[in-house]
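> structural data only, the sequence is not supplied:
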Ligand SMILES: NC(=O)c1ccc[n+]([C@@H]2O[C@H](COP(=O)([O-])OP(=O)(O)OC[C@H]3O[C@@H](n4cnc5c(N)ncnc54)[C@H](O)[C@@H]3O)[C@@H](O)[C@H]2O)c1
């Protein structure tokens, strides 16, 4: 039988989708596959632009949510269930914590970084899984993270430390939910061309006294495939984990990084 994503009319929630980056790219691909999609973001204006852009592609709705606020996350899940009637695939994409080296981070930075990168994915997983269990949905949860949780990157100490918890979340929840038919996986994305990269490159250019273009070229030299991923390239792997194409995969953290990771295991 030819392989298809089976996502026609699937009910999909994607967070961090209002900035034209990884979440937006994922939401577009789900729409192209015929899914019914709720896109969410902290930035209401950005979300409106994405909704305008996506309306011709299919059924898409927007819900504003700050992933560091419990009330917002509760509202996002209940609104999505009200609009779509349930959730088949949940894709977690968050914003980025403050950049900087370890010794520049203070107590409040760890509190904020931890709330965004550790508490928020765990709480969203809890609320979404609760809905799937209640309705008997054999759903899929996909958590984007970063290749930096396998090989820490200089100058993003908060991310290197706090994001590692997503690995534990995926492994723990996958085992708990597999007997109920719910799969939980993650993505270790490498460099993806988005506004986040412009921010990182501009920070590096100031620190090193080089141009932004040079900072980007220096990163691309380190990638065996020679270029950063497009959001479309990353979205294809998110579709794989967020659909029945990966039906026997759970608890996996899939590197999608153009070969940049060197470590084994
Ligand atoms: N782009 C890369 O190369 C890369 C590589 C590894 C990891 N990442 C990580 O992947 C995630 C997405 O990256 P991106 O490049 O798409 O970033 P982006 O900045 O382009 O998009 C992030 C989106 O999240 C939203 N957001 C920020 N804080 C939020 C909050 N508290 N609640 C809800 N939404 C919020 C922003 O408004 C934005 O629309 C980030 O956590 C980033 O650190 C990115």
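Looks like it came in fine. None of the values given here were measured: they were computed from a predicted structure.
> what domains does the record give for the chain?
With domains defined by automatic domain parsing, the chain comprises 11-191+238-255, 193-228.
> how far away from the center of its chain is the longest one?
Put plainly, it is domain 11-191+238-255. Mean-position distance between domain 11-191+238-255 and its chain equals 4 Å (C-alpha atoms, centre = their mean, to the nearest Å).
> can you give me the end-to-end span of stretch 147-160?
One end of stretch 147-160 to the other measures 9 Å (C-alpha to C-alpha, to the nearest Å).
> still on that earlier bit, would you tell me which one of the domains of the chain is buried the most?
Of the domains of the chain, the one with the most neighbours on average (mean count of other C-beta atoms under 10 Å) is domain 11-191+238-255, at a mean of 19. For the C-beta atoms, the positions are set from N, CA and C on the backbone; glycine is no exception.
> quick one: is that one near the ligand?
Yes: Domain 11-191+238-255 comes into contact with the ligand (C-beta under 6 Å from any ligand atom), by way of 16, 18-19, 21-23, 41-43, 46, 65-68, 93-96, 116, 144, 146, 189, 191.
> so where does residue 79 fall, helix or strand?
With secondary structure defined by DSSP states H and E, residue 79 is part of helix 70-84.
> same for the following helix or strand past that helix, what does it pack against?
From helix 70-84 onward toward the C-terminus, using DSSP H and E, the following helix or strand is strand 89-92. If contacts are counted by 3 or more C-beta pairs under 8 Å, 6 or more residues apart in numbering; DSSP states H and E, strand 89-92 sits against strand 11-14, helix 22-32, helix 120-135, strand 140-144.
> mind putting these into TSV with mean pLDDT and distance to residue 106?
Converted to TSV, those look like this (pLDDT from 0 to 100; distance: least, C-beta to C-beta, whole Å):
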stretch	mean pLDDT	distance to residue 106
strand 11-14	99	32
helix 22-32	98	28
helix 120-135	98	20
strand 140-144	98	27
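> redo these as CSV? Include distance to residue 229.
Listed next are these as CSV, based on distance: least, C-beta to C-beta, whole Å:
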stretch, distance to residue 229
strand 11-14, 17
helix 22-32, 9
helix 120-135, 21
strand 140-144, 12
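> dump the residue contacts of the closest residue in space to residue 92 that isn't next to it in sequence.
Take residue 92 and drop its neighbours on the chain: the residue closest to it by C-beta to C-beta, 6 or more residues apart in numbering is residue 143, 4.6 Å away. Neighbouring residues of residue 143 by C-beta atoms under 8 Å, 6 or more residues apart in numbering: 92, 121, 125, 166, 169, 170, 184, 185, 186, 187.
> mind listing which of these are in strands?
92, 184, 185, 186, 187 (DSSP state E).
> bridged to the last one, which residues?
What it means is residue 187. On the basis of DSSP bridges, residue 187 is bridged to residue 144, residue 254.
> isn't it up against residue 240?
No: using C-beta atoms under 8 Å, residue 187 makes no contact with residue 240, being 9.6 Å away.
> right, I'll leave it there.
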